[in-house]
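Enquirer: Predicted model, plus sequence, below.
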Amino acid sequence: MLDIPALLANKSEAQLKAALEHLLAAHTVPVFGAAKQVEHEVAALRALKMLGALPDNADEYTLVTTLRITKAKARNLLYQDALRTLTSPRQIEDSLRALVMQPTATKYGDLILLEVPQPFLMDALRYRIRQLGFLSDGNIARLPQRALAALIEDLVPPNERKSVADRLRRQGIEGDDLQSLVHGLIKTAGRAAAGAAGEHLGATIAESLGTAFARGIEAVGRLRSP
């Protein structure tokens, strides 16, 4: 359970002011007392992140154990927060791109298991995969290697695909186009992961894609380097 006095005890005036402003702002939209309960809950969630009680990338389990709420409640809070944060197609696409460029993933036979902790992004990812003609289900996206390759290609702006493909070729990856190159990268990463106990497939993918995108798209350039 959260110890609020202890949480506030060592915070700076600027941190406390920012969190308080965020909490009070929810009471004024559209006018005082008119906001729905969920707006106050999302405001409180963000204030707790500002104060360091929750990490910025908090998942369902973190909310369940810290706030002592049900998994369903935690999922709804994360979903509502994402709906208010990812307000444009560009923001959603940037978040999906970050997810597949720095994945937590592993191989399962011919499938790639890609973890997606945020429920809103999981839905966005599943929609994008279906649009590409593939299937996925559950909180772990189970998708063929070619589906992940197609997804990554689809998230790269058309005007950047040639330069990214050229960089992948310079890394020794073989393929006729970007999708086949990414597929080759995934297979190479899978072999590397299989040779190291406990290694995530995503580590090798992130390293190679990070190099390919080193001077690429602005959105990818903002991601942390592997």
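Expert: Thanks, I have the structure now. Residues are numbered from 1 along each chain as shown.
Enquirer: Now do the residue nearest the centre of the chain against residue 120, distance only.
Expert: The central residue of the chain, meaning the one whose C-alpha is nearest the mean C-alpha position (C-alpha atoms, centre = their mean), is residue 99 at 4.3 Å. Between residue 99 and residue 120 the distance, using C-beta to C-beta, to the nearest Å, works out to 12 Å. All C-beta spots, glycine's among them, are computed from the backbone N, C-alpha and C.
Enquirer: so who does residue 146 touch?
Expert: Taking C-beta atoms under 8 Å, 6 or more residues apart in numbering, we find residue 146 in contact with 134, 179, 183.
Enquirer: Out of these, who's the most crowded?
Expert: Counting neighbours by other C-beta atoms under 10 Å, residue 183 comes out on top of these with 22 neighbours.
Enquirer: Am I right that that residue is in a strand?
Expert: No - secondary structure of residue 183 (DSSP: H, G, I helix; E, B strand; the rest coil): helix, not part of a strand.
Enquirer: That one contacts residue 147, correct?
Expert: No - taking contacts as C-beta atoms under 8 Å, residue 183 lies outside contact range of residue 147: 9.8 Å.
Enquirer: What helix or strand is residue 106 located in?
Expert: Under the criterion of DSSP states H and E, residue 106 resides in strand 105-108.
Enquirer: What of residue 113?
Expert: Assigned by DSSP H and E, residue 113 belongs to strand 111-115.
Enquirer: which other helices and strands contact the helix or strand just after that strand?
Expert: Secondary structure here is assigned by DSSP H and E; on that basis, the next helix or strand after strand 111-115 toward the C-terminus is helix 119-131. With contacts taken as 3 or more C-beta pairs under 8 Å, 6 or more residues apart in numbering; DSSP states H and E, helix 119-131 sits against helix 71-85, helix 89-101, strand 140-144, helix 145-155.
Enquirer: okay, the angle between helix 119-131 and helix 145-155?
Expert: 100 degrees (axes from the mean of the first three to the mean of the last three C-alpha atoms, to 10 degrees).
Enquirer: ok, and for the helix or strand that contains residue 64, which residues are buried?
Expert: Assigning secondary structure by DSSP H and E places residue 64 in helix 60-67. Of all the residues in helix 60-67, those buried under the rule 16 or more other C-beta atoms under 10 Å are 60, 63, 64, 66, 67.
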